[in-house]
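# here is the input, now give the coordinates:
(one chain, ligands or ions: 1)
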Amino acid sequence: MFTLIRNAQVFAPAPLGICDVLLAGEKIAAIGHGLHPNSQLNCRELDGKGLLLTPGFVDSLVHISGGGGEGGFASRTTALKAEQAIAAGVTSLIGALGTDDITRSLRDLLACARALSASGLSAYALTGSYRVPIRTITGNVRDDIVLIPDIIGVGEVAIADHRSSRPSVHELARIAADAHVGGMLAGKRGTVLIHMGDDEEGLSLLNEACMQHNIAIQQWLPTHINRQRKLMAQGIQWGLRGGNVDLTTSTTPDFIAAGEVPASLALAELLAAGVPIERISMSSDGQASLPLFDAQGQLISSGVASLSTLSQSLREAVQQHGIALETALASITKSPANTWGLKLKGRIEVGADADLLLLDADTLSPLTTIARGRIYV
Ligand code: ZN
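Model prediction:
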C-alpha cells in the first residue's frame, strides 16, 4: 500500500534535487526531505541513492494490438506484452491502428488496451486508423470519444502518404471538429494523431484545415515529423505557430540513410529553432513494422519497432546533443501527457499517479518501473 523511495535525484521532470517520494496506493502522497511515515504504516522502502527518479514514460503511439502486414500476412507483427512496456519504462501508452483496419479491429485494440491496464499499466486507445472516412466502434468519432472511457482521441489518420485515403481538407476538418466536441463533452482533449508520410505536400492539408475551417492548431498531433528534412522544416514552422509535433524514435540504418533525422537530433534542432519543449513529444511507434520501400513503392524489408527506443533517444539527446536531462525527459513524460489531456501522468507531483522510474544515472536505462504504485524490478 505504501512505498517510500529514499534519496534519489528527482526529475519531475524539472530537477528537484535529492529527496524522498512517498507513494500511497496508486498516488504520489508526499515529496520532501527525510520523510518518516507513521511507524504503524506498513511501508516498503526503496533505496534510490545514486539513481535518478523520473516519471514513467508516456508513449503517444504504440500499435498495441500489432501492426504491419504491409508486406503480406507473414509480415504482420504481434500484440504488445505488458512486460515489454514495463522493461522499456513506459507506464502510459496510447494504442492505435495503422494501415490495417481490416484484419485488425478497434474492438480488439480496445481489448488490448484493457488487458494492458489490467496488468497495471495505463493504456488508452484512439478511434480510427489510417483510413478516412474514419471507422469507429459506435458509428462516429464523437460518440466513441464521449461513450468509451479508454478512447481519448482519433488516429493515426494518414496524410501525405501512399497508404493514406487522400482525405480532403474538409474531411480532415470534420474529424477534428467531431474530436473537439466529443472531447468537450467527455472532459478529454480529443487530440487527432496524424500519420505524416513522405509526400511533398507535408503539413499543408493541416494548415489549410486550420485556416479554412477555424480548427485550433493544437487539436492535431502530427507524428513522424523527423522522417525527412523537408517535413522537419515544416514541423519547425508548425511548432513556432503553436502546434504540437511528435518525433518517432524507432528507426533503422536504412531509414537514416534515406534521409530520416534521428529523433534525438530532431529534438535538438526543434529546440534550437525556438520550438518550446511543451510542444514536442517523442513516441516509439512500437510494434509497427519498419518497412523499407524502393522508388517504385515495392516493399524491400521489414522489422519491428521497440518501445525501448524512447530511453535510447533520451540518452542520445542528453549525451550526444547536450540537451538538459529535464528538457529531453519532458518530451517523453509531461509534454505528451499534456497533449493527450492526461493531467495525472508524466509528472512527479503530490496527487499525480504513482508512475515512476528509477534510472541508472550513467546509461539512463530504467532499472525499476513503478506503474500505478506496483513495483517491477
Ligand atoms: Zn504512422
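
# the residue in the chain that the ion sits nearest to: neighbour count?
The nearest approach of the chain to the ion comes at residue 195, 3.4 Å away (CB to the ion). Where you see a C-beta, it was placed from the backbone N, CA and C, and this is true even at glycine. Neighbourhood size, residue 195 [other CB atoms under 10 Å]: 24.

# what kind of secondary structure is it in?
Following DSSP: H, G, I helix; E, B strand; the rest coil, we place residue 195 in the strand state.

# begin at 724 from now on, thanks
Okay, using 724 as the starting number, the last item reads as residue 918.

# bridge partners for it, pull those for me.
residue 881, residue 946 (DSSP bridges).

# which other helices and strands contact the lengthiest helix in the chain?
Assignment by DSSP state H gives helix 892-909 as the longest helix of the chain. For helix 892-909, the contact count by 3 or more CB pairs under 8 Å, 6 or more residues apart in numbering; DSSP states H and E identifies helix 864-870, strand 874-882, strand 914-919, helix 927-936 as packing neighbours.

# who in the stretch 874-1023 of the chain is up against the ion?
Applying CB under 5 Å from the ion, we find that the stretch 874-1023 of the chain lies next to the ion at 879, 918.

# show me where pLDDT drops low in the stretch 874-1023 of the chain?
Scanning the stretch 874-1023 of the chain for pLDDT under 70 picks out the ranges 1016.

# and this protein, what are its domains?
725-777+1069-1099, 780-1062 (automatic domain parsing).

# buried deepest among those, which one?
For those, the largest average neighbour count (mean count of other CB atoms under 10 Å) is found in domain 780-1062, namely a mean of 21.

# got phi/psi on the closest residue to residue 855 other than its chain neighbours?
Closest residue to residue 855 apart from its sequence neighbours, by CB to CB, 6 or more residues apart in numbering: residue 890 at 3.9 Å. Dihedral pair for residue 890: phi -70, psi 150, per degrees, to the nearest 10.

# against residue 1044, how distant is residue 890?
35 Å (CB to CB, to the nearest Å).

# again, but for residue 929
As judged by CB to CB, residue 929 and residue 1044 stand 27 Å apart.

# circling back: the residue of the chain closest to the ion reaches residue 882, doesn't it?
Yes - the pair residue 918 and residue 882 qualifies as a contact (CB atoms under 8 Å) at a distance of 7.2 Å.

# and the helices in the chain?
805-810, 829-841, 864-870, 892-909, 927-936, 952-963, 976-980, 986-995, 1032-1042, 1048-1053, 1057-1062.

# can I get the ones you listed in a markdown table with distance to residue 823?
Formatted as a markdown table, the helices of the chain follow (distance: least, CB to CB, whole Å):
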| stretch | distance to residue 823 |
| --- | --- |
| helix 805-810 | 20 |
| helix 829-841 | 11 |
| helix 864-870 | 19 |
| helix 892-909 | 19 |
| helix 927-936 | 23 |
| helix 952-963 | 24 |
| helix 976-980 | 21 |
| helix 986-995 | 25 |
| helix 1032-1042 | 22 |
| helix 1048-1053 | 33 |
| helix 1057-1062 | 24 |
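
# ok, for residue 1023, nearest residue in space, not its chain neighbours?
Per CB to CB, 6+ apart, closest to residue 1023 is residue 1015, 4.7 Å.

# centre-most residue in the chain?
Nearest to the mean C-alpha position of the chain, by CA atoms, centre = their mean, lies residue 783 at 1.7 Å.

# pLDDT score for that residue?
At residue 783, the model reports a pLDDT of 98.

# quick one: it and residue 969 touch, right?
Yes - using CB under 8 Å, residue 783 is in contact with residue 969, at 5.6 Å.

# shared neighbours of the two, anything?
916, 944, 946, 1004, 1006, 1059, 1062 (CB atoms under 8 Å, 6 or more residues apart in numbering).
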